[in-house]
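J.: give the three-dimensional model of this entry:
(chains A, B, C and D)
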There are 2 protein chains.
Amino acid sequence: MDKPAPRRVTIVDVARHAQVSTTAVSKVLRDAYGASPAMREKVRQAIAELGYRPSAAARGLRGQTYTIGVMLPELRNLFFADILDGITAQLGDSPYQVLLAPGCNGEKAEARVIDAMIDRSMDGLVLIAPVSAKKRLTEVARSVPTVVVGRHGSSPAYDSVTDDDIAGAALVVDHLVGLGHRRIAHIEHHETDRVRLAEMPNAQRADGYRQAMTAHGLHAEIDIASTSYTQAGGYLGAQQLLARPVRPTAIFAGADVVALGALEAIAEAGLTVPGDISVAGYDNSALAAFGPISLTSVDQDGRQMGAAAARLLIDRIGNRDRRTAQVKLSPTLVVRRTTATA
Amino acid sequence: MDKPAPRRVTIVDVARHAQVSTTAVSKVLRDAYGASPAMREKVRQAIAELGYRPSAAARGLRGQTYTIGVMLPELRNLFFADILDGITAQLGDSPYQVLLAPGCNGEKAEARVIDAMIDRSMDGLVLIAPVSAKKRLTEVARSVPTVVVGRHGSSPAYDSVTDDDIAGAALVVDHLVGLGHRRIAHIEHHETDRVRLAEMPNAQRADGYRQAMTAHGLHAEIDIASTSYTQAGGYLGAQQLLARPVRPTAIFAGADVVALGALEAIAEAGLTVPGDISVAGYDNSALAAFGPISLTSVDQDGRQMGAAAARLLIDRIGNRDRRTAQVKLSPTLVVRRTTATA
DNA sequence: AAACATTTGGAAAACGTTACCCACATCACT
DNA sequence: AGTGATGTGGGTAACGTTTTCCAAATGTTT
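T.: Have a look, this model is predicted:
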């Protein structure tokens, strides 16, 4: 009953069936120059009749694999999922297939995953919020077309797509100042590495906060709790801020989870939101949109970022020598129920 | 300044550098028989010195690609993410690399993705909650080792890992009956296809509900609203149930999102949970655990399911002719604040 | 009609591995 | 000494594509 696994249909079979050379079939497959319309039709029909599918492995040995690798640090982050949606949507009817490598949190895992993708001769890489050293990224980008998403700073080797975190922080501060707040505090993710201090979004948000405060003449009111972008970090940061001699009337958390932790600490201190304190987050995650929470938050258009990354990548695959580009998108503020007049 | 991209280090370079044959290097790479410890050491050193990495494309042409493909229908579903964690954890220090194909909702997209994985000569496939026809799955499994996760029913071609949804439903019913409830209603995902009716988890949950009710002598109280596994479906389903001549005192929703919709409808009807009505969900998602919601829910150990799937797959890659296995795990009930005495 | 450009099609050499042999040396028994 | 068995190492033909070439046919200009 069990047939001995019918041998794979290859390009040779197609060529024989269509009575042409394998070269001809290859040309049709790749839409390459040097095949008449008549031959194209003949070959296409043979392909359909035989149900032929090209082997990516064999292709990879000589030419392209038509595979795009995407690395993202955390599957559970909905923002990253949005970016991915944007990428796949953009690549929807291209011949490229997107493959994802899971579990890339930490520099070491990241390196491993990137190597794995290069080993598999992927045609292009999208690295979302990579933490590797810049030198390493540059090396990678030299060996395969690469787009870096969510990390500021430009490189001669790779294109990058970012959201304007400085502008995002300013949106929040402007909004709060507009509501009459002056003592606006910020909870940031603690960062020591020098390059990351310049390139990572968290650092940019803190910077944007400082700049915006200064622009409003509130330089003296700048107050930052330096913890981490986690719920616990938010809890801790808010506790610190609430213990200040003069309590802030508004807290700008660097991420939605941080805001969540802050809300917890505030409630625990017997204060109300937004009655006593306004709170704003960043990322506009599902968490923020969720009814009972209803958090004012900065929205980055992940889908658009993904689409932009995909466009840049395909473009670069076609022309590896063009100058690198930096795409910067603008965030928007989504006002909900955690912010109100001071 | 830009060097002309130094040619890739190949197995030939390694062989030359270690002064052995390429065969020897290949043997060392694959831990194959026929290489002395001394030679192994020599080769390993050469590999390290040259920074050699095998090309997966070339490997795929003759042997294995050391790549496992995972298909999952929805990235945003945290339960799926847990399964994936289990897979990657199990495969952590194996030579296999896991790659994910995103965006496989719907039979058509699913087919496309599976084909893409086969084209890339992956060594094994894990299909999570696939919707394809059984015949198609069998075909796929015949051409590449496959494990199906989250779909009941056995096959001679593929291994499967499921959670016991019938037992899960019984857990909920038992719990509610224990609290004194008798009028326990269920919101199911409407299903028409015959095979799916037997194999899909949603159908099993509804079945389990019926069986458990009957076992408790509550056959006459069985009451099902047939909508869909979405928040809107839960909202609608609860509305229907609340309009019954005799209102249920408890609602067992087939999934957490469904329960969320139900909660909304109940609140809108001016009723309280769990005062007037108890509500239980299924999946124990982050949603359920979230403080303000605190939903009683059935927990499936996704990590364990993933790990089991990975084990089965590796095993089958090693021995393609062994009989297929069906692993069935037991769910547990997590009681929270949405269920109470009738 | 000659000279040249363009189109059409194919032959054959890569690409980097692995699998299947075969050869030789060594060792343990008869 | 002869016979296997075992261990060690390598030669070489695949694997299924793409990429150079090159030749012949056809079209276009002088």
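
J.: distance-wise, check residue A:210 relative to residue A:200.
T.: 16 Å (CB to CB, to the nearest Å). Backbone N, C-alpha and C define where each C-beta goes, glycine included.

J.: which one of the two has more residues nearby?
T.: residue A:200 (20 against 17; other CB atoms under 10 Å in any protein chain shown).

J.: and stretch A:327-336, C-alpha only, in CSV?
T.: Taking Å, rounded to 0.1, in the frame of the first residue of the first chain, the C-alpha atoms of stretch A:327-336 are listed here in CSV:
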residue,chain,number,x,y,z
VAL,A,327,13.0,56.0,7.1
LYS,A,328,11.6,57.7,10.2
LEU,A,329,7.8,57.6,10.8
SER,A,330,5.8,59.8,13.0
PRO,A,331,3.9,58.5,16.0
THR,A,332,0.4,59.8,17.1
LEU,A,333,-1.1,60.2,20.5
VAL,A,334,-4.2,58.3,21.5
VAL,A,335,-5.9,60.1,24.4
ARG,A,336,-7.9,57.9,26.7
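
J.: could you pull out the buried residues of that stretch?
T.: Within stretch A:327-336, the residues scored as buried using 16 or more other CB atoms under 10 Å in any protein chain shown are A:327, A:329, A:331, A:333, A:334, A:336.

J.: check stretch A:259-277 too.
T.: A:259, A:260, A:261, A:262, A:263, A:264, A:265, A:266, A:273, A:274, A:277.

J.: now stretch A:55-74: buried residues?
T.: A:55-60, A:64-74.

J.: between the buried residues of stretch A:327-336, which sits nearest chain B?
T.: Relative to chain B, the closest of the buried residues of stretch A:327-336 is residue A:336; by CB to the nearest CB it sits at 15.2 Å.

J.: I'd say that closest one and residue A:292 touch.
T.: No. Contact criterion CB atoms under 8 Å: residue A:336 and residue A:292 do not qualify, at 11.2 Å.

J.: residue A:210 reaches residue A:222, doesn't it?
T.: Yes. If you go by CB under 8 Å, residue A:210 and residue A:222 touch, sitting 5.9 Å apart.

J.: give me the common contacts of the two.
T.: Here residue A:210 and residue A:222 have no joint contacts, going by CB atoms under 8 Å, 6 or more residues apart in numbering or on different chains.

J.: after the host helix or strand of residue A:125 comes which helix or strand?
T.: Element membership for residue A:125, per DSSP states H and E: strand A:124-128. Sequence-wise, the next helix or strand downstream of strand A:124-128 (DSSP H and E) is helix A:134-143.

J.: tell me the angle that following helix makes with strand A:124-128.
T.: 160 degrees (axes from the mean of the first three to the mean of the last three CA atoms, to 10 degrees).

J.: same for the helix or strand that helix A:134-143 is followed by, what does it pack against?
T.: Per DSSP H and E, the first helix or strand lying C-terminal to helix A:134-143 is strand A:146-149. If contacts are counted by 3 or more CB pairs under 8 Å, 6 or more residues apart in numbering or on different chains; DSSP states H and E, strand A:146-149 sits against strand A:124-128, helix A:134-143, strand A:159-163, helix A:302-318.

J.: next, format those as TSV and append mean neighbour count, distance to residue B:30 and mean pLDDT.
T.: Conversion of the helices and strands packed on strand A:146-149 to TSV gives the following (neighbours: other CB atoms under 10 Å in any protein chain shown; distance: least, CB to CB, whole Å; pLDDT from 0 to 100):
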stretch	mean neighbour count	distance to residue B:30	mean pLDDT
strand A:124-128	26	27	97
helix A:134-143	16	25	94
strand A:159-163	25	38	96
helix A:302-318	21	32	96
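
J.: what segments of chain A are strands?
T.: Along chain A, counting by DSSP state E, strands occupy A:67-71, A:97-101, A:124-128, A:146-149, A:159-163, A:184-189, A:223-227, A:250-253, A:278-282, A:296-299, A:326-329, A:332-334.

J.: the second one - contacts with which helices or strands?
T.: The one in question is strand A:97-101. Packed against strand A:97-101 by the contact rule (3+ CB pairs under 8 Å, 6+ apart) you find strand A:67-71, helix A:78-90, helix A:107-119, strand B:97-101.

J.: wait, which of those is closest to DNA strand D?
T.: Nearest to DNA strand D, of all the helices and strands packed on strand A:97-101, is strand A:67-71, at 12.8 Å by CB to the nearest atom of the strand.

J.: shaky segments in chain A?
T.: Scanning chain A for pLDDT under 70 picks out A:1-6.

J.: for residue A:239, what are its contacts?
T.: Shown in contact with residue A:239 (CB under 8 Å, 6+ apart): A:265, A:269.

J.: go again using 7 Å as the cut-off
T.: Residues in contact with residue A:239 (CB atoms under 7 Å, 6 or more residues apart in numbering or on different chains) are residue A:265.

J.: ditto for residue A:280
T.: Neighbour list for residue A:280: A:172, A:176, A:252, A:253, A:259, A:296, A:297, A:338, A:339 [criterion: CB under 7 Å, 6+ apart].

J.: tell me which of those is nearest to DNA strand D?
T.: DNA strand D lies nearest to residue A:297 out of the contacts of residue A:280, by CB to the nearest atom of the strand, at 46.3 Å.

J.: got phi/psi on the closest residue in space to residue A:315 that isn't next to it in sequence?
T.: Leaving out its chain neighbours, the residue that sits closest to residue A:315 by CB to CB, 6 or more residues apart in numbering or on different chains is residue A:322, at 7.4 Å. The phi/psi pair for residue A:322 (degrees, to the nearest 10) reads phi -70, psi 160.

J.: and residue A:322, how far from residue A:316?
T.: Between residue A:322 and residue A:316 the distance is 7 Å, computed by CB to CB.

J.: and for residue A:152?
T.: Relative to residue A:316, residue A:152 is positioned 19 Å away (CB to CB).

J.: kindly report the same for residue A:308.
T.: Counting by CB to CB, the separation of residue A:308 from residue A:316 is 13 Å.

J.: next one: residue A:96
T.: Relative to residue A:316, residue A:96 is positioned 13 Å away (CB to CB).

J.: just residue A:111 next, same as before
T.: As for residue A:111, its distance to residue A:316 is 22 Å (criterion: CB to CB).

J.: spit out the contact partners of residue A:254.
T.: Residues in contact with residue A:254 (CB under 7 Å, 6+ apart) are A:187, A:188, A:189, A:202, A:205, A:206, A:229, A:282.

J.: leaving out the residues flanking it, which one is nearest to the last one?
T.: Read that as residue A:282. Using CB to CB, 6+ apart and skipping residues adjacent in sequence, the residue nearest residue A:282 is residue A:298, 4.7 Å away.

J.: wait, that neighbour touches residue A:330, no?
T.: No. Shown here, residue A:298 and residue A:330 do not form a contact pair, counting by CB atoms under 7 Å, at 10.5 Å.

J.: ok, and the closest non-adjacent residue to the residue nearest to the spatial centre of chain A?
T.: Note on chain A: the residue nearest the mean C-alpha position is residue A:128, at 4.2 Å, using CA atoms, centre = their mean. Nearest residue to residue A:128 in three dimensions, chain neighbours excluded: residue A:72, at 4.2 Å (CB to CB, 6+ apart).

J.: what residues does stretch A:206-224 touch?
T.: Outside stretch A:206-224, the residues within contact range by CB under 7 Å, 6+ apart are A:165-170, A:173-174, A:177, A:182-186, A:188, A:241, A:244, A:248, A:252, A:254.

J.: distance between the ends of that stretch?
T.: 8 Å (CA to CA, to the nearest Å).

J.: what's the distance between the residue in the stretch 201-342 of chain A that DNA strand C sits nearest to and DNA strand D?
T.: Residue nearest to DNA strand C within the stretch 201-342 of chain A: residue A:320 (17.7 Å; CB to the nearest atom of the strand). Per CB to the nearest atom of the strand, to the nearest Å, residue A:320 is found 13 Å from DNA strand D.

J.: just list the residues touching that residue, thanks.
T.: For residue A:320, the contact set (CB under 7 Å, 6+ apart) comprises residue A:145.

J.: for it, phi and psi?
T.: Main-chain torsions, residue A:320, degrees, to the nearest 10: phi -70, psi -10.
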